[in-house]
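Asker: Dropping the sequence and predicted coords here.
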Amino acid sequence: MSVVKHVAMKRGHPGRGRKKSRALPKGRQVDADALVQVRALLDHQFGRRPVQRDMLIEYLHLIQDQYGCLSSKHLAALADIMKLSMTEVYEVATFYAHFDIVKEGEAKPPATTIRVCDSIACQLAGAEALIAELETAKPAGVRILRAPCMGRCEMAPVAEVGHNHIGNATKAQLLEAAANGLTAPHSPDYIDYQSYIKEGGYKLLNSCLSEALSAEELIAKLDRSELKGLGGAGFPTGRKWNIVRGFDGPRLMAVNADEGEPGTFKDRYYLETDPHRFIEGMLIGAWAVATEKCYIYVRDEYPAIIALLKTEIDKVKAAGLADHVEIEIRRGAGAYICGEESAMIESIEGKRGLPRNRPPYVAEVGLFGRPTLENNVETLFWVRDIVEKGPEWFANAGTNGCKGLRSYSVSGRIKNPGVKLAPAGISIKDLINDYCDGMLDGHTFKAYLPGGASGGILPASIDQSPLDFGTLQEYGCFIGSAAVVVFSDQDNMKDVALNLMRFFEDESCGQCTPCRVGTEKAVKVMLKPKWDVELLVDLSTVMTDASICGLGQAAGNPINCVLKYFPEDL
């Protein structure tokens, strides 16, 4: 008996060729054909194992990848299979920007979509002109969409044709790719499993698994290195591992590879070049904290990374190096808010990425209510080097009284953008001159973002302050994930602040009123020729004081910095 016929008969539906729908006692009817199609997709991908509530987003990806969109019929069928209400499925599907929902009677989206990043680095590089050129061209069978930061700011402007990201993009390149069906992601050149092993990879992990090195000894080394969470929070890594170890199991682990902060691309760089150094750090963390399962949450804008991680982790599993922990990769769906740790956990659980109120904190009540170790990619990337080279090697690498190394993602008006590994505490002046070959010809240094859209805007006059955690608060700014965007005398900070606020407005999850309404109102005020300064200050204060998470709490930083440091640009 065929799979399709088996599913239809098992669920009491007529055969595939019939158009009759099953009548439910209440609510939406489920189309028999759609039900068979979705069930067959799930069976093909996951076998006959029972559906899982936390896999909802993965199931939605599967349907959209197959059919190019999410139709109402397929959503209803998925809800029926998962024994969920249509509302539960629909609210998740509509939350994430990368899901295309098509209602009954509506046309499917075109076969090819070109997304053009309009975040700050790409705006500086001419994204608006590129969007206008594409919209004027009106290529047949192609739609043009704006998109937030794609994590490739060093090659701005960036666009995506299907899942094929093109840096330093031009209209001709994008239209050619669309016309020739060049929509698949490019696999980067990276250090694979065999090459990593030849360089001494996984020796440290084997030392841990054989108990030649105890978890207590390893965590003590992390403490001495003063390694902090490099996703932006800056919490001491060794202390976090100890805290999670202190709670009763079973414990879980979640890796944040959802860097969506405009200007940030360091995690992408490390995953595309040396993924096993990260994987080994992750496996060591799972061993040290005794976690039963680890979820790696990767943003949907990194399709090539998702593919290479699946390939390389399979090799690690085959070598018996991951027997102590189950590993699962989860794919984001276009939501900046899911970079916030509790929102990421909600998303892994198959729900909307709404930040949680805290306490309790993720370390105690995280994934599925269990104690959860949450680290970002770069934090885990450094574990092997710190232990093998010694914690003092890392701690003493800093400058200006700061500890450690920092991977600065630098973009904007500089000659040599990219990930710059430099001493923690380096000044913006030295970062530009010594690591980026100076400003672009014809541009004079005027301002910079020290920590992406959230970190505020500082003037060139503050060019000697250390770039590190806790060093910029006196200026109303912070380093966050070290996303540095450099501006010149050809840039107006009023326009920069508007770009950043539009990003916050678009990415607000909508859960809390101060952020949802505040960002929208701020954009409207900032679009006017003359700012209502008193109103903007009030909005910024309310968002900072009353928002649930860091998005709303930091959204007012660009406004405050323009008013304080760049009044002439108003």
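Answerer: Nice, thanks for sending it over.
Asker: When you work out contacts or count neighbours from here on, use the C-alpha atoms and nothing else.
Answerer: Noted.
Asker: In the chain, what helix or strand scores lowest on average pLDDT?
Answerer: Lowest by mean pLDDT, DSSP states H and E among the helices and strands of the chain is helix 3-10, with a mean of 35.
Asker: Next SSE downstream of that helix?
Answerer: helix 32-46 (DSSP states H and E).
Asker: now what about the helix or strand that that next one is followed by, what contacts it?
Answerer: Scanning forward in sequence from helix 32-46 by DSSP H and E, the next helix or strand is helix 56-67. The contact list for helix 56-67 (CA atoms under 8 Å, 6 or more residues apart in numbering) reads 38, 41-42, 69-70, 74, 89, 92-93, 99-100, 330-331, 333, 347, 350-351.
Asker: separation between Ile101 and Ala140?
Answerer: Using CA to CA, to the nearest Å, we find Ile101 at a distance of 21 Å from Ala140.
Asker: how about His165, what does it touch?
Answerer: With CA under 8 Å, 6+ apart, His165 has these contacts: Val158, Ala159, Pro185, His186.
Asker: please redo it, this time with the cut-off set to 7 Å
Answerer: Ala159, Pro185 (CA atoms under 7 Å, 6 or more residues apart in numbering).
Asker: Please tell me the pLDDT value assigned to it.
Answerer: You'll see His165 listed with a pLDDT of 98.
Asker: That one belongs to a strand?
Answerer: Yes - assessed with DSSP: H, G, I helix; E, B strand; the rest coil, His165 lies in a strand.
Asker: Now do the strands for the stretch 251-400 of the chain: every range, in order, please.
Answerer: Counting by DSSP state E, counting those that start in this stretch, residue ranges of the strands within the stretch 251-400 of the chain are 251-257, 291-298, 326-331, 372-376.
Asker: Looking at these, which is nearest to Gly339?
Answerer: Gly339 lies closest to strand 251-257 among these, at 6.8 Å (CA to CA).
Asker: Counting by contacts, list what the closest one packs against.
Answerer: Contacting strand 251-257 under the criterion 3 or more CA pairs under 7 Å, 6 or more residues apart in numbering; DSSP states H and E are the following elements: strand 291-298, strand 372-376, helix 377-381.
Asker: Quick one: mean pLDDT over the first one.
Answerer: With pLDDT averaged residue by residue, strand 291-298 scores 98.
Asker: Then stretch 175-183?
Answerer: In this model, stretch 175-183 carries a mean pLDDT of 96.
Asker: ok, and what's touching that stretch?
Answerer: By CA under 7 Å, 6+ apart, stretch 175-183 touches Thr112, Val161, Gly162, His163, Asn164.
Asker: buried residues in it?
Answerer: Leu175, Ala177, Ala178, Leu182, Thr183 (16 or more other CA atoms under 10 Å).
Asker: okay, how far is it across it, tip to tip?
Answerer: 11 Å.
Asker: roughly how far apart are the residue sitting nearest the centre point of the chain and Ala343?
Answerer: Residue closest to the mean C-alpha point of the chain, counted by CA atoms, centre = their mean, is Asp258 at 2.0 Å. Distance, Asp258 to Ala343, using CA to CA: 11 Å.
Asker: Can you list the residue ranges for helices in the stretch 401-550 of the chain?
Answerer: 428-430, 493-507, 513-526, 533-546, 550-555 (DSSP state H, counting those that start in this stretch).
Asker: what mean pLDDT would you report for the first one?
Answerer: For helix 428-430, the mean per-residue pLDDT is 98.
Asker: name the helices or strands packed onto that helix?
Answerer: Contact partners of helix 428-430 among helices and strands, from 3+ CA pairs under 7 Å, 6+ apart: none.
Asker: picking that back up, list the contacts of the residue nearest to the centre of the chain.
Answerer: Tyr297, Val298, Arg299, Cys338, Gly339.
Asker: and what of Tyr565?
Answerer: Residues in contact with Tyr565 (CA under 7 Å, 6+ apart) are Pro459.
Asker: Try it again at 8 Å.
Answerer: By CA under 8 Å, 6+ apart, the contact set of Tyr565 is Leu458, Pro459.
Asker: before we move on, the earlier item: just the helices of the stretch 401-550 of the chain: most buried one?
Answerer: helix 550-555 (a mean of 23; mean count of other CA atoms under 10 Å).
Asker: hmm, who's touching that one?
Answerer: Residues contacting helix 550-555 (CA under 8 Å, 6+ apart): 337, 340, 454-455, 501, 504, 508, 514-515, 519, 540, 543-547.
Asker: What is the neighbour count of Leu309?
Answerer: Leu309 has 19 neighbours, counted by other CA atoms under 10 Å.
Asker: Do you know the pLDDT at it?
Answerer: Looking at Leu309, the pLDDT reads 98.
Asker: just to revisit the earlier point, and the residue lying closest to the residue nearest to the centre of the chain once chain neighbours are set aside, what are its phi and psi?
Answerer: Once flanking residues are discounted, Asp258 sits nearest to Arg299: 4.5 Å by CA to CA, 6 or more residues apart in numbering. For Arg299, the backbone dihedrals are phi -60, psi 150 (criterion: degrees, to the nearest 10).
Asker: Sketch out the low-pLDDT regions of the stretch 451-570 of the chain for me.
Answerer: For the stretch 451-570 of the chain, no stretch has pLDDT under 70.
Asker: and if you look at the chain?
Answerer: 1-28.
Asker: can you give me the helices in the stretch 251-400 of the chain?
Answerer: Taking DSSP H, counting those that start in this stretch as the test, the helices found in the stretch 251-400 of the chain are 266-273, 275-289, 303-318, 341-348, 377-381, 383-389, 391-395.
Asker: Thanks again, I'm all set now.
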